[in-house]
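Undergrad: Take this sequence and fold it.
(one chain, ligands or ions: 1)
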Amino acid sequence: MKVSLGPLPLAIPLPAFLVASYDTDGKPNAMTAAWGGVLCAEPPCLGVAVRQSRWTHAGILKHGAFTVNIPKAGQAKEADFLGMYSGKNRDKLAQASLTPVKSELVDAPYIEECPVQVECKLEKTVELGSHTLFVGQVMDVKANAHVLTGGEIDVSKVDPLIYGPNNLYYQLGPFVAKAFSVGKALK
Ligand SMILES: Cc1cc2nc3c(=O)[nH]c(=O)nc-3n(C[C@H](O)[C@H](O)[C@H](O)COP(=O)(O)O)c2cc1C
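TA: Numbers count the residues shown, from 1 in each chain. A predicted model of the protein is given here:
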């Protein structure tokens, strides 16, 4: 039996992106965003949905750039903090002992302590209602060397923080099967 839960904005799981930008005064800031993901391959694009009231919203519009930083499961406290308080009147990154690093490619900082970051140039904004979809063209992806295996990002080494319904954070589970491969068994 299926139970209807109504028209919720649901996807499972969700990322816990740390979206970093310079604010309208040029101060580095970051907020947590679970509503976002990959949108296009050519050109490579990522999207994040940001409510108009967020301080980050104005910063991204002013500087035309943002970075998406992937936190480790061990950074749940920092991610939650960035997602509960506004950078309008405080230096959230300093308070969370996170280091903003100036990107050489886009007008936005990235967060040194996160194992992976995606540097995006704002390509398009789409007003959806409560949230603006910021579509960023990926200019570079940076990763700490220790999360790579054979030059590729190894998700088990990243050990990303994952977000789910009901305001809960999770950690990645075990490897299940190889994609574009296991399904061939049903061919
Ligand atoms: C787990 C989590 C996920 C969130 N996802 C989003 C999101 O996708 N979009 C959004 O606008 N706000 C989201 N928020 C809320 C913002 O991160 C929060 O309002 C933050 O304080 C905004 O910071 P700012 O005012 O410095 O930009 C989320 C918060 C948490 C804790």
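
Undergrad: List the buried residues in stretch 120-140.
TA: By neighbour count on 16 or more other C-beta atoms under 10 Å, the buried set for stretch 120-140 is 120-123, 131-139. C-beta coordinates here come from the backbone N, C-alpha and C atoms, glycine included.

Undergrad: residue contacts, whatever residue of the chain ends up closest to the ligand?
TA: Nearest residue of the chain to the ligand: residue 83, at 2.5 Å (C-beta to the nearest ligand atom). Neighbouring residues of residue 83 by C-beta atoms under 8 Å, 6 or more residues apart in numbering: 31, 32.

Undergrad: for it, phi and psi?
TA: phi -90, psi 0 (degrees, to the nearest 10).

Undergrad: ok, now the one 3 residues further on?
TA: Here is the backbone geometry of residue 86 (degrees, to the nearest 10): phi -90, psi 150.

Undergrad: State the pLDDT value of it.
TA: For residue 86, the pLDDT comes out at 98.

Undergrad: what helices or strands is the lengthiest helix in the chain leaning on?
TA: Counting residues, the longest helix found in the chain (DSSP state H) is helix 55-63. Counting by 3 or more C-beta pairs under 8 Å, 6 or more residues apart in numbering; DSSP states H and E, the packing neighbours recorded for helix 55-63 are strand 17-22, strand 28-33, strand 45-51, strand 116-127.

Undergrad: So is that helix next to the ligand?
TA: Yes: applying C-beta under 6 Å from any ligand atom, one finds helix 55-63 in contact with the ligand at 55, 56.

Undergrad: mind listing what the helix or strand following that helix pairs with, with the direction of each?
TA: Following helix 55-63 in sequence order, the next helix or strand is strand 65-70 (DSSP states H and E). The sheet places strand 65-70 alongside strand 17-22 (antiparallel), strand 116-127 (antiparallel), with pairing taken from DSSP bridges.
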